[in-house]
Structure formats: structure tokens, C-alpha cells
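1. Have a look; sequence and predicted model below, questions after that.
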Amino acid sequence: MEILNLDRLSKNYGKIQALNQVSFSVPKGSVFGILGPNGSGKTTLLGIIMDILKSSGGSFTLFDEVPTEKTRQRIGTLLETPNFYHYLSAVQNLKIVAAIKQKDESDIERVLEIVNLIQRKDSAFSTYSLGMKQRLAIAAALLGNPEVLVLDEPTNGLDPVGIAEIRALIMKLANEGKTIIMASHMLDEVEKVCTHVAILKYGQLITHGDVNEILVNEDVVEVSSNNLEQLKKILIQFPGNVNVYLKENTVQVNFQPGTANLEEINKYCFERSVVLSHLQLKKKSLESKFLELTN
Amino acid sequence: MLDLLKIEWLKIKNYKVFIIISLFFIIGVFVTNYIVYSVFDNIINKSEVTHVLLNKFNPYDFNFVWQTVSYTSGFILILPVLLLIILVTNEFAFKTSRQNIIDGWSRLQFVNVKIMLALIVSVISTLLVIITALVFAYTTGTHFSTDGFSHVGYFFLKSFSYNLIAIFISVLLRRTGFAIGIFFIYMGTENIIAQLLDVLSIKIRLNTGVDLGSMGDYLPMNASDGLLSFPRNPLKSMTSAILPTDYTSLVICIAIFYMILFYWMCRRNILKKDL
């Protein structure tokens, strides 16, 4: 079963195309990261799915059904900012959420325990710090133990301990078999927890699929000699390379992770009468891979 | 709908602004009527001249009391209007309008529960008017009568009409201060236009003999306002002498038409726009 299926979803704000015919599917049980720089359309996409924004074109299904308010009740959602009644306490706010979701109020204590807000459960929301507000929003999303979670920048405003806690919580929920759809621009967050990823840029879907295929950390070998063009020409023939290109007086040769062999490269070049003046193995960072995809 | 209203109650029952404005309104209805009652009891009816001139008229006697209390209480309907504007615009300020939908309400449920809230506020306001009228009327020692009770119905129409306009402006503008400001500006502007239309109605009647009624009463707020007046109001009597045709039923229909129109516009706004 597909939890979410997008079919050419589009959204315009006047002349600005926030989403342009985006199509992908979220399989059941996956932790699906929606990646993209600021303004790429991540929140717009989730806003349409949760019916707070109207799409300009295309369609989508949730749980293989045309979405209704009943399907949204099966999803725990944290979208953009924590939205609560400022004058009410955490418990009073969660009672409203439970009533709308048609879940039992007895679950409120459990979710407040999970996000470490039990000590401040009777304090007004307006007295909370940004991190506490974010924790309460996560508690609201967890209420009723939903099978699907939609989390937009879930670690926003949290301190390093909070970030680690929420990351661990997401991993735990994923291990329980829940489907998690998570929008983020924090790459290490996505790398650590996601099984699938979709990358957006200016509302366009750049790529999507298994995170190990999309955001693979390639080995990069940096080589140099007195004739870079000739060096590049012979390295293109080197077996196992993924990509060869010139960069700042060096030739960069990309390999699948763990497959670069410096000795072989040196020998290969020497046998073809090219003496290397520089030879270094580098790990390609996730950031550079992301930048490569989005630039 | 009962479930939705229970959730709405969870939102407002601990809200200090709701409690304070509600108390002000309840006290306000009694105090406003007490002031009018006192003026008649202690000044007008104690003077031999005015007492005779008004034909020993006490506006809080049965028969008149329904009209008097409905008309007088209408002046402080602005308090429930303010309350509704604050409650609805809060939903947009706190972005809880979005969260309610995200959590599992439909957009239609969101708008319908606000309209139901406006209806309940009007029903409670009307009950308050009935209780106030009974309390004051029994102090006059007159016998119970339901003559003139239709004015309580007109009060309900006025209250619900004002509340719907308040909700429409709140849904449209989504900001508390802006919505309150625009409500007052609209109220003032409509009154000025209504006065001009009333003058035009009299001119048409005098020049052509055609009685179109007070055309100011065909405007959204004035449609329900025009149904209420103080008993034996000399201005109303003068207008009635020039424009004798009774258009009460038409004005009621127009008031109901505007209420349906405002509901439809609220619904359209919430269903079609981004939240």
C-alpha cells in the first residue's frame, strides 16, 4: 500500500510557481525525507496534503484513498510552526487535539512524558520557550499513536540534546513500522533517519528514491600532473570510475563508496607515461552531493 | 455538530477575554435597562407634565416591555460582536485554524461551528433579553402579556445578523484590530447611507406618491435595526405618517436574505482560500 501518492501536484502563488507537477509515492513503513533548500516547496507540498493550502493542479491520495478529514485524523502532523491556543496549558491544548482527532484523552500523559513536558503540563503555552513549543507540537503529533507521521522540520528550535532525543524518537517510531514523512533542509538529519528521499528545488522534483542511491557518499580521488587534460583523458578510461572532471588544477575521479584504490590509479597512470604530482583520497560530503543535485 | 461545539467550548471556557466580555454583556443588559427604567420612574413619570403628555406611559409595563428591552439591549450587541471577532481572528493569529484542519476537521466543519457559535450567542442574548424584560415588567406590577413579543424575535434577528457580519469580516480580514476597526467603519458608513436613503424615500413619496418604505432598512445591518424602535417613538411615528405602508415582512425577508448571504460568503472564503 502507498501511504501517499502525488500525481503532478502543482501550486502557484500568483506568478510564482511554488510546486511544479510533482509526482512521487511514499511506501508504507518508510521514513521519507523531503529535502530542499529554503523556498523549494517542501512546506507547500505538505500544506496541500493536509488541506490547509489549495493546489493549483494535480491530485494526491492518502492510504490509496481520496483524502478526507477522516484520513487526516489517522496522521500525526507537525507543520511549519507549533500552532496552539496561547492562553491554554499543554493539557488543555492536547484535549482539543484529542477531541478533533477522536482519540482518547488518556493518551495525553504518555505523549507529554515522551517529549519531557510533563513537569510543565499545566503551564500556559504562551510561557513556553521555542523548544518547549516544538516539543508540544511533537506530542500533539504523537497523540493517539498514529500510523503515519508528517513532520516539517521537527528539530526546529531544539537544543542539541533535544535534537538527539527527537532523532532517536523518530528512529524508534520507524522501527515500530510507522511511516514517517519528514521535510528538512538538515542533511545529516535526513541521512541518519531516512530510508527514502525526494529532493525539491524551486518547486521542481529533482530526484527521488532510496536514500542510499540518491545521497550516496562517493569516494573522490583528487589527482594532479603537469598535463591535466591528458590526465583527465586517460582517467576516463580507468575502470570503476563514476565521474571524472577538472576542478582547481586537479582532476577529480569519483568512485562508489569504498572502491577507490590509490595504488592502482598511480600504477595505471605511470604505465601510460603520466607521472602524478598529487594523489589524495577524499570522501564526498553529503552537502556537496546535495549541492550538486540542487545547483 | 454537538461534538464540534464541545470542542469549541474547550477552546473558550478558560479564556479570560471570553469570561470578561460575557460578564460585561450580561451586566450591561441589566444596567442599560435599569438606567432607562430609572429615568422614567424617577424623572419622567414623577413630573406631572411629562406623565400626562406621555399618557401615563411606562415603557416597562407589560405589552411595552418586550419592545423596550429589545430595543435598549440592542445598543450593547456590540459586546458579543467584539467577542466573536476576537474568537474567530484568534484562530488565524494562533494559526489554530490550520491546526484544526490538519488534526482532522473539514473546512466546512470549521466554518459551520463558528456560525453555530454565533447562533448560540444570539440565542443566549435573546434569552437574556426575555429574563430582563420579565424582571423589569414584574416590578411595575402589571399583568403578564405576550403582546409585542415579536420584538424579541426582531432582537434575535438583529443579534444574529450582527454576529454573522462580525464573523464574515473576521474570516475575510483575519486580524483582530483590523476586523474590529472595519466593523465600526462599516456600521457608521451603513448608517449614514441608510439616513440618506430614508430621506430619499420621503422625497419620492412626497414627489411621486410612491411609498417604497424606508429604503435604509434594506441595507444589511439596518434591515434588522429598522425592525426595532422605542415604544411611542415620535420620530418613528412621523416617518410612518409619511410612509404608511407596512413593509415589516419584506424587511424580515431581506434581513434573512443577508444572513444567508453572509453565511455563504464565510463558507466560500474558508472552503476556497488557503488557510
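-> Structure's in. What do you need? Numbers count the residues shown, from 1 in each chain, chains lettered A, B, ... in the order given.
2. after the lowest-mean-pLDDT helix or strand in chain B, next one along is what?
-> Scoring the helices and strands of chain B by mean pLDDT, DSSP states H and E places helix B:48-53 at the bottom, with a mean of 65. Counting by DSSP states H and E, the next helix or strand C-terminal to helix B:48-53 is helix B:65-73.
3. After that next one, which helix or strand is next? Please name it.
-> Next along from helix B:65-73, by DSSP H and E: helix B:78-93.
4. could you dump that next one to PDB, C-alpha only?
-> The C-alpha trace of helix B:78-93 is given here as PDB (Å, rounded to 0.1, in the frame of the first residue of the first chain):
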ATOM      1  CA  ILE B  78     -21.500  45.300  20.100                       C
ATOM      2  CA  LEU B  79     -20.100  43.400  23.000                       C
ATOM      3  CA  PRO B  80     -20.900  39.900  21.600                       C
ATOM      4  CA  VAL B  81     -19.800  41.200  18.200                       C
ATOM      5  CA  LEU B  82     -16.400  42.100  19.700                       C
ATOM      6  CA  LEU B  83     -16.200  38.700  21.400                       C
ATOM      7  CA  LEU B  84     -16.900  36.800  18.200                       C
ATOM      8  CA  ILE B  85     -14.400  38.900  16.200                       C
ATOM      9  CA  ILE B  86     -11.700  38.200  18.900                       C
ATOM     10  CA  LEU B  87     -12.500  34.400  19.000                       C
ATOM     11  CA  VAL B  88     -12.500  34.000  15.200                       C
ATOM     12  CA  THR B  89      -9.500  36.100  14.400                       C
ATOM     13  CA  ASN B  90      -7.600  34.400  17.300                       C
ATOM     14  CA  GLU B  91      -7.900  31.200  15.200                       C
ATOM     15  CA  PHE B  92      -6.000  32.900  12.400                       C
ATOM     16  CA  ALA B  93      -3.500  34.700  14.700                       C
END
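5. neighbouring contacts of it?
-> By Cβ atoms under 8 Å, 6 or more residues apart in numbering or on different chains, the list of residues contacting helix B:78-93 from outside reads A:85, B:11-12, B:15, B:17-18, B:21-22, B:24-25, B:28, B:96-97, B:100, B:114, B:117-118, B:121-122, B:125, B:159, B:162-163, B:165-167, B:169-171, B:173-176, B:179-180, B:183. In this view, the C-beta of every residue, glycine as well, is placed from N, C-alpha and C.
6. Can you tell me the closest non-neighbouring residue to residue 225?
-> You didn't pick a chain, so chain A it is. residue A:231 (4.8 Å; Cβ to Cβ, 6 or more residues apart in numbering or on different chains).
7. wait, I meant chain B there
-> residue B:158 (6.3 Å).
8. Pull the residues that contact the longest helix seen in chain A.
-> Identified as the longest helix of chain A according to DSSP state H is helix A:160-175. Applying Cβ under 8 Å, 6+ apart, the contact partners of helix A:160-175 are A:31, A:114, A:116, A:131, A:134-135, A:138, A:149, A:151, A:154-155, A:158, A:180, A:182, A:189, A:192-193, A:195.
9. Now do the same contact list for residue B:244.
-> By Cβ under 8 Å, 6+ apart, the neighbours of residue B:244 are residue B:211.
10. Do a quick rundown of the helices in the chain.
-> Let's take chain A. Going by DSSP H, chain A shows helices at A:42-49, A:69-73, A:90-101, A:108-114, A:130-142, A:160-175, A:187-193, A:211-214, A:228-236, A:262-271, A:286-294.
11. meant chain B actually
-> With DSSP H as the criterion, chain B has helices spanning B:2-12, B:16-38, B:48-53, B:65-73, B:78-93, B:96-103, B:107-140, B:150-173, B:176-208, B:220-225, B:234-242, B:248-272.
12. of those helices, which approaches residue A:201 most closely?
-> Of all the helices of chain B, it is helix B:96-103 that lies closest to residue A:201, at 25.4 Å by Cβ to Cβ.
13. That closest one - what's its average pLDDT?
-> Averaged over helix B:96-103, pLDDT sits at 94.
14. got a list of what residue B:107 touches?
-> Contacts of residue B:107 by Cβ under 8 Å, 6+ apart are A:51, B:101, B:270-271, B:275.
15. sorry, back to before: would you mind measuring from the residue nearest to residue A:225 to chain B?
-> Residue A:231 sits at a distance of 55 Å from chain B (criterion: Cβ to the nearest Cβ, to the nearest Å).
16. give me the low-pLDDT residue ranges for chain A?
-> A:215-217, A:283-289, A:293, A:295 (pLDDT under 70).
17. Can you name the residues bridging to the closest residue to chain B within the stretch 151-295 of chain A?
-> In the stretch 151-295 of chain A, the residue found nearest to chain B is residue A:152; the distance is 10.5 Å by Cβ to the nearest Cβ. Residue A:152 forms beta bridges with residue A:183, as assigned by DSSP bridges.
18. what sits against it?
-> So residue A:152 contacts A:42-43, A:46, A:78-80, A:182-183 (Cβ under 8 Å, 6+ apart).
19. What is the nearest of those residues to residue A:26?
-> residue A:182 (10.5 Å).
20. which ones are touching the spatially closest residue to that closest one that is not a sequence neighbour?
-> Among residues not flanking residue A:182 along the chain, residue A:151 sits closest, at 4.7 Å (Cβ to Cβ, 6+ apart). Residue A:151 makes contact with A:77-78, A:138, A:141, A:170, A:180-183, according to Cβ under 8 Å, 6+ apart.
21. and the residue nearest to residue B:225, how many residues sit next to it?
-> Close neighbours of residue B:158, defined as other Cβ atoms under 10 Å in any protein chain shown, add up to 27.
22. Counting neighbours, what do you get for the nearest residue to residue B:275 once chain neighbours are set aside?
-> Leaving aside its sequence neighbours, residue B:275 sits nearest to residue A:52 (Cβ to Cβ, 6+ apart; 4.4 Å). By the criterion of other Cβ under 10 Å, residue A:52 has 21 neighbours.
23. re earlier: same list (the contacts of residue A:151) but as JSON lines, adding neighbour count.
-> Shown next, in JSON lines, are the contacts of residue A:151 (neighbours: other Cβ atoms under 10 Å in any protein chain shown):
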{"residue": "A:77", "neighbour count": "23"}
{"residue": "A:78", "neighbour count": "27"}
{"residue": "A:138", "neighbour count": "26"}
{"residue": "A:141", "neighbour count": "23"}
{"residue": "A:170", "neighbour count": "23"}
{"residue": "A:180", "neighbour count": "24"}
{"residue": "A:181", "neighbour count": "25"}
{"residue": "A:182", "neighbour count": "27"}
{"residue": "A:183", "neighbour count": "26"}
